[in-house]
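Build me a structure from this.
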Amino acid sequence: MKSDLSACCLAAFGFVMFWATTAVGQDGDTTRNFAAELTSPPALNQAGNRRRQRNRQLQRLPDISSLNRNKSDRFVVDLDVVRTGHPYKGTDSKKPHTGAHVYFRIPDKPIPARNVRAFPAIYAVADGYVSRIDEYFKLRPIFNRALGKRIANHRYGVTLAIARKDGAAVNFHYSIEPMIDPGDPDFYKPFILVKRGQRVKKGDVIARMYIPPRREFAQNTHIHFNLMDTGKRQFMAPTIFGDKIVGRFHRVWGKRGLDGETRIPPCMGYRLSGPENPFGTGAKKQL
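Alright, predicted model coming up:
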């Protein structure tokens, strides 16, 4: 795969160089050196400035251990809009799942998509910066009972860098999944309220949760959330919330709070392997 990627990169570079040396100006009498423009001091300075900004942002982040000592008191959404959910189910559980879920109460009346502020707020759970935005991400096809066929839904999402671990960023990933295909790559854009690189404070509203008007879709609308160790590309449990939040969240799990026949105790990570524990304290039955 690496050799194929290298070949693609070389081919692309060759095309750019060929285009740069053969391009003709609009009037037909001027050849522009596009390669020189791409590597000109202003372009290089901009790239360098972006790298330095990312490094400065990374260095401002606390070590992940601080989120173990000082748990967040801001959940991903207001708990009074949560209908059900479940914690991160680790690799040692009967049915592993690399993210916790929150499912939403269905509005009494459908909310028009244009009324963005009427949809549930999604919050920054800690101080940090926006490391990624997904405006229209295609999911793998699944069977949709309401439609009677397999479809590929599209989600949107926000990822925040909130800590460091071994010199690399720890991201908090919000995969925002209305469980529909709106058929428009711009549909979710109004629901994303931040930009990549933007600094955020705990409690900032970073997005809104679009809930489809049809009840059979709305009942499956959810946010999948997890931590990611970007250095090791390792999914980790989002075990950064205080006991009060975890307790309230646990009370609404219902059947989703089962691992096989076993009821999962209050936690944000269940039966975690060592790498899934963000704090580096080994495998945990619950955290």
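
What residues does the residue lying closest to residue 132 once chain neighbours are set aside make contact with?
Distance criterion Cβ to Cβ, 6 or more residues apart in numbering; nearest residue to residue 132, sequence neighbours excluded, is residue 159 at 3.9 Å. In short, each C-beta sits where N, CA and C put it, glycine included. Neighbouring residues of residue 159 by Cβ atoms under 8 Å, 6 or more residues apart in numbering: 130-134, 171-174, 228.

Let's see which of these end up in helices.
Counting by DSSP state H, none of the members of those fall within helices.

what's the most distant pair in the residues you listed?
The largest separation in those, counting by Cβ to Cβ, is between 133 and 228 at 15.1 Å.

Between these two, which has more neighbouring residues?
A direct count of neighbours by other Cβ atoms under 10 Å for residue 133 and residue 228 places residue 228 higher, at 23 against 18.

May I have the beta-bridge partners of that one?
Counting by DSSP bridges, residue 228 forms beta bridges with residue 171, residue 235.

Contacts only, for it.
Contacts of residue 228 (Cβ under 8 Å, 6+ apart): 159, 170-173, 234-236.

one more time with 10 Å
98, 131-132, 159, 161, 168-173, 234-236, 238, 278 (Cβ atoms under 10 Å, 6 or more residues apart in numbering).

Quick one, which of those residues are buried?
Neighbour counting by 16 or more other Cβ atoms under 10 Å classes 98, 131, 159, 161, 168-173, 234-236, 238, 278 among those as buried.

ok, those vs residue 252, which is closest?
Using Cβ to Cβ, these come closest to residue 252 at residue 238, 16.6 Å.

how near is that closest one to residue 197?
Distance, residue 238 to residue 197, by Cβ to Cβ, to the nearest Å: 23 Å.

The residue nearest to residue 132 - that's part of a helix, no?
No - read with DSSP: H, G, I helix; E, B strand; the rest coil, residue 159 is strand and lies in no helix.

Please verify my assumption that residue 112 contacts residue 211.
No - taking Cβ atoms under 10 Å as the definition, residue 112 is not a contact partner of residue 211, at 11.2 Å.
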